[in-house]
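K.L.:
generate coordinates for the sequence data below:
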Amino acid sequence: MDRLMSDEAMDRILIIDDDEINRELLDNIFSAYYLIDKAENGKIGIDRIEADPDRYSAVLLDAMMPVMDGLEVLRRMEKDGLRNVIPVFLITAEASTDVTREAYELGVMDVILKPVVPYLVLKRVNSIVELFRARKRLRSRVRMQESELIKRARRIAELNRGMITALAAAIEFRNGESGEHVSRIHDITEIILRNTKLGDGLTEEEIMNISLASIMHDVGKIAIPDYILSKPGRLTSEEYDIMKTHTTKGAQLLETIHELRGSEVYSYACDIARHHHERWDGRGYPDGLKGDEISIWAQIVSLADVYDALSCKRVYKDAFPREKVISMIRNGECGTFNPQLLQCFFSVEDKLSRMYEN
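P.N.:
Predicted coordinates for the structure are as follows:
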């Protein structure tokens, strides 16, 4: 260790010993290599350590002291979780097996017997301090690498979200829409989950994943012929049967995207794509599910899709006034919905309606 280092570059050690002569002896041995703090008993010493654990690169600790002895200091450090943070060297004239055993059990790096041999104690302390310094550098490097990996993962997640959004928006454009439909479905889903009891028990990440998955609800429309998808009038029964296949085709399409399958969004997206036209009374499609057989997120997207469709102009209809939209949903003119879902929906509908204000 360089004896010519500036004070700013030097590590600091704490000498805890009730004997002034011993403190000065240790000071003389280490002062060329370290900044020195001293404490005349264990209580003063542990208070300094607990006040700023990062201040010290090592502690030289006498075993036998008044007020608080060395073993009690070690016990406090163990309790504070400092066992592997600061290397401690127990210095003692007592070679008791019990003291030595407990000291090592409490995490001391070494037990040094008095009278100390200067070059020997210096060598032993310097070696351990350098080891801890290298370990600290390694931990810092690992944290930096972990931080960089997290940043990369976030960038990948943002890219995936962008690709998902772009795909959903492209389908909306093909359907003659502006792409804002999928954005509103996302927001409606998120608002309901965040502001009603339907989101109880869901984590922040789950709410985000469900909301993101909701924008892929109509992804299967990519397989529907243009003459049906963009038809301005009412569909024939045969055309309607083809249109209904967008649910199953959407789930099948999502299953083929291998990159998506590793995402936490995947299971929500497949479920929503397939089941967002199911109805509470079992009269929906494609599987005729009823009641709680339909996941709550598929139910929410189903209602959000109806609400948005009624509130906006489409190729086959004009937008309905807000009062008419509410009345149609409340009276079951667009299918039967879960009563609890309707209650939660109406509790936040005032907030949702602001999306449609010009």
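
K.L.:
quick check: residue 326 is in a helix.
P.N.:
Yes: applying DSSP: H, G, I helix; E, B strand; the rest coil, one finds residue 326 inside a helix.

K.L.:
what is the burial count for it?
P.N.:
Residue 326: 18 surrounding residues under other Cβ atoms under 10 Å. Just so you know, the C-beta spots here come from the backbone N, C-alpha and C atoms, and that holds for glycine as well.

K.L.:
quick check: closest non-adjacent residue to it.
P.N.:
residue 349 (6.8 Å; Cβ to Cβ, 6 or more residues apart in numbering).

K.L.:
so what touches the strand or helix carrying the one you found?
P.N.:
Assigned by DSSP states H and E, residue 349 belongs to helix 339-353. Here helix 339-353 makes contact (Cβ atoms under 8 Å, 6 or more residues apart in numbering) with 188, 191-192, 195-198, 296, 299-300, 303, 307, 311, 322, 326, 329-330, 337.

K.L.:
buried subset of those residues, written for PyMOL?
P.N.:
In PyMOL syntax, the buried subset of the contacts of helix 339-353 is picked out as below (16 or more other Cβ atoms under 10 Å):
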select buried, resi 188+191+192+196+198+296+299+300+303+307+311+322+326+329+337
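
K.L.:
buried residues, stretch 237-252. List them.
P.N.:
Across stretch 237-252, burial judged by 16+ other Cβ under 10 Å covers 239, 243-252.

K.L.:
oh sorry, the question was meant for stretch 143-150
P.N.:
Of the residues in stretch 143-150, none is buried (16+ other Cβ under 10 Å).

K.L.:
low pLDDT regions in the protein?
P.N.:
In the predicted model, the chain carries pLDDT under 70 at residues 1-9, 95, 149-179, 259, 315-316, 358.

K.L.:
out of the buried residues of stretch 237-252, which are inside helices?
P.N.:
Counting by DSSP state H, the members of those that fall within helices are 239, 243-244, 246-252.

K.L.:
show me the helices in the stretch 151-300 of the chain, by range?
P.N.:
For the stretch 151-300 of the chain, the helices defined by DSSP state H, counting those that start in this stretch occupy 180-195, 204-214, 226-229, 237-244, 246-256, 258-261, 266-275, 296-311.

K.L.:
return the distance of the fourth one from the chain's centre.
P.N.:
By that I understand helix 237-244. Computed by Cα atoms, centre = their mean, to the nearest Å, the chain-centroid distance of helix 237-244 equals 43 Å.

K.L.:
quick check: residue 281 vs residue 268, distance?
P.N.:
Distance of residue 281 to residue 268, computed by Cβ to Cβ, to the nearest Å: 24 Å.

K.L.:
err, residue 108, not the other one
P.N.:
Separation of residue 108 from residue 268 (Cβ to Cβ): 53 Å.

K.L.:
quick check, nearest of the ones in helices among the buried residues of stretch 237-252 to residue 263?
P.N.:
Of all these, residue 251 has the smallest distance to residue 263: 15.1 Å, by Cβ to Cβ.

K.L.:
wait, what's in contact with the closest one?
P.N.:
Contacts of residue 251 (Cβ under 8 Å, 6+ apart): 220, 270, 273-274.

K.L.:
OK, contacts around the most centrally placed residue in the chain?
P.N.:
Centroid check for the chain by Cα atoms, centre = their mean gives residue 205 as the closest residue, at 7.5 Å. By Cβ under 8 Å, 6+ apart, the contact set of residue 205 is residue 264.

K.L.:
ok, now how distant is it from residue 263?
P.N.:
Taking Cβ to Cβ, one finds residue 205 at 12 Å from residue 263.

K.L.:
orientation of the helix holding residue 349 relative to helix 296-311 in degrees?
P.N.:
Here helix 339-353 runs at an angle of 50 degrees relative to helix 296-311 (axes from the mean of the first three to the mean of the last three Cα atoms, to 10 degrees).

K.L.:
buried ones in helix 339-353?
P.N.:
For helix 339-353, by 16+ other Cβ under 10 Å, it's 341-342, 344-345, 349, 352.

K.L.:
next one: stretch 181-190
P.N.:
Using 16+ other Cβ under 10 Å as the test for burial, stretch 181-190 gives 181-190.

K.L.:
which residues touch it?
P.N.:
Stretch 181-190 is contacted by residues 165, 168-169, 172, 207-208, 210-212, 214-215, 217-218, 297, 300-301, 304-305, 307-308, 312, 352, 355 when judged by Cβ under 8 Å, 6+ apart.

K.L.:
show me what counts as buried in stretch 111-119.
P.N.:
111-112, 114, 116.

K.L.:
got those as CSV, with secondary structure columns?
P.N.:
Formatted as CSV, those follow (three-state DSSP):
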residue, secondary structure
111, strand
112, strand
114, coil
116, coil
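
K.L.:
okay, the residues you listed in TSV with distance to residue 69 next?
P.N.:
Converted to TSV, those look like this (distance: Cβ to Cβ, whole Å):
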residue	distance to residue 69
111	14
112	16
114	15
116	18
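
K.L.:
tell me the one among those nearest to residue 15.
P.N.:
Distances from residue 15 to these, taken by Cβ to Cβ, are shortest for residue 116, at 11.5 Å.

K.L.:
pretty sure that closest one contacts residue 91?
P.N.:
Yes: counting by Cβ atoms under 8 Å, residue 116 touches residue 91, with 6.6 Å between them.

K.L.:
so what sits against both of these two?
P.N.:
Here residue 116 and residue 91 have residue 26 as joint contacts, going by Cβ under 8 Å, 6+ apart.

K.L.:
number of residues surrounding residue 63?
P.N.:
The tally of other residues near residue 63 (other Cβ under 10 Å) stands at 23.

K.L.:
this completes my enquiry, with thanks.
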